[in-house]
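[1] Sharing a model that was predicted from the sequence below.
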Amino acid sequence: MNKTPIPFRVKGKPLIGLRILVTRASGQAHGLSLPLRELGAEVIEIPTIEIKSPVNNFSALDEACLKIDHYDTLVLTSVNGAEILFERYNKLGLPVGDMGHLLVVAIGPATAAAIQSEGVSVSIVPEKYVAESVIEAMRSHMFKSSRVLLVRAKVARDVLPDELRKMGATVEVIEAYETRVPADAGARLKKLFADPGSKPHLVTFTSSSTANNFLTSLGDDAHNFLDNVRLASIGPVTSGTLKDAGFPPDIEAREYTAGGLVEAIKLLADSK
């Protein structure tokens, strides 16, 4: 695939002249779009993912909240999961102090911040923000008597609960939300990429779901549409999804956060 040259830099605005597509969910796009705009980029937001309530309408999550003293460990693997958990917990009128006994594990700093904003301390944040690093960070804390509550999306890798169970822990997995492709995503993306005047120079992906949904939405036209377009991934799991689909990313964040992704894009621009 040919790649469009990165435009010339302007002091303090290294991304000026660069058109970037953000595929993050609409409620979260701001955290990526704003710093990109501040660096001079023209940002287009077309979410390829939306957050929906689970089919069971929170009944399983509510039950887990009501018996929070049954668990000794709480694992949250996304900001979405953290926000939804505490929304339900507070709606049930449960005192946050009842979580004080828990070993709380957050997959990354953004998730940790969402938990701490509710007044709950986070005990473990792994060095790398993927399931494998969570497992290693938790290894010395897991025992045969450990009772773990894992709150996550409906579609997620099973490596984390599987490995914790191998350590002897009892793990209850609660699906707090599910992700879907927005109904208008395909039409909006095809219109954008069909117009040379609006076609982005760079597309950002903040999860495997955003990448899969993006490529599915473009369908058989994906290779043609993405000719001369750079792809930027938030981390190795998302990069693996893109590679498996035949679209290896040009950029991968060193720190697997929105801020890390912005920095990786900026570094590419600075190197030109």
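    Yes, it's here. Quick caveat: nothing in here was measured; it's all calculated off a predicted structure.
[2] Now do stretch 226-240: distance from first to last residue.
    Its first and final residues considered, stretch 226-240 spans 18 Å by CA to CA, to the nearest Å.
[3] what sits up against it?
    Defining contact as CB atoms under 8 Å, 6 or more residues apart in numbering, one finds that stretch 226-240 is touched by 1-4, 128-130, 157, 193, 199-208, 210-211, 218, 242, 247-253, 256-258, 260-261, 264-265, 268. C-beta coordinates here come from the backbone N, C-alpha and C atoms, glycine included.
[4] Now list the buried members of the residues you listed.
    By neighbour count, with 16 or more other CB atoms under 10 Å, these hold 128-130, 193, 199-208, 210-211, 218, 242, 247, 249-253, 256-258, 260-261, 264-265, 268 as buried.
[5] Let's see which of these end up in helices.
    Helix and strand membership here follows DSSP state H; of these, those in helices are F193, S208, T210, A211, L218, L242, A258, G260, L261, A264, I265, L268.
[6] What residues does the second one make contact with?
    The one in question is S208. For S208, counting by CB under 8 Å, 6+ apart, the contacting residues are V237, T238, G240, T241.
[7] Can you tell me the closest non-neighbouring residue to it?
    Of all residues beyond its chain neighbours, the one nearest S208 is T241 (4.0 Å), with distances taken as CB to CB, 6 or more residues apart in numbering.
[8] same question, the fifth one
    Counting by CB to CB, 6+ apart, F225 is the residue found nearest to L218 once chain neighbours are left out, at 5.5 Å.
[9] Next, that neighbour: phi, psi?
    Listed backbone geometry of F225 is phi -60, psi -30, with angles given as degrees, to the nearest 10.
[10] Equivalent analysis for the one 5 residues further on, please.
    Dihedral pair for R230: phi -90, psi 150, per degrees, to the nearest 10.
[11] Starting from L261, give me the distance back to it.
    Applying CB to CB, to the nearest Å, one obtains 13 Å for the distance of R230 from L261.
[12] Find residues that contact each of those two.
    Shared contacts of R230 and L261, defined by CB under 8 Å, 6+ apart, are found at I251.
[13] and M167, what does it touch?
    When contacts are counted by CB under 8 Å, 6+ apart, M167 is found next to M138, R139, M142, S146.
[14] same thing with E83?
    A114.
[15] That one sits in which helix or strand?
    Secondary-structure element containing E83, defined by DSSP states H and E: helix 79-91.
[16] what helix or strand is A64 on?
    helix 59-66.
[17] Revised request: answer the last question for I51.
    Secondary structure assignment for I51, by DSSP H and E: strand 50-52.
[18] mind listing what's buried in that strand?
    Within strand 50-52, the residues that qualify as buried are E50, I51, counting by 16+ other CB under 10 Å.
[19] can you list contacts of that strand?
    Under CB under 8 Å, 6+ apart, the answer for strand 50-52 is A25, S26, G27, N80, Y177, E178, T179, R180, V181, P182.
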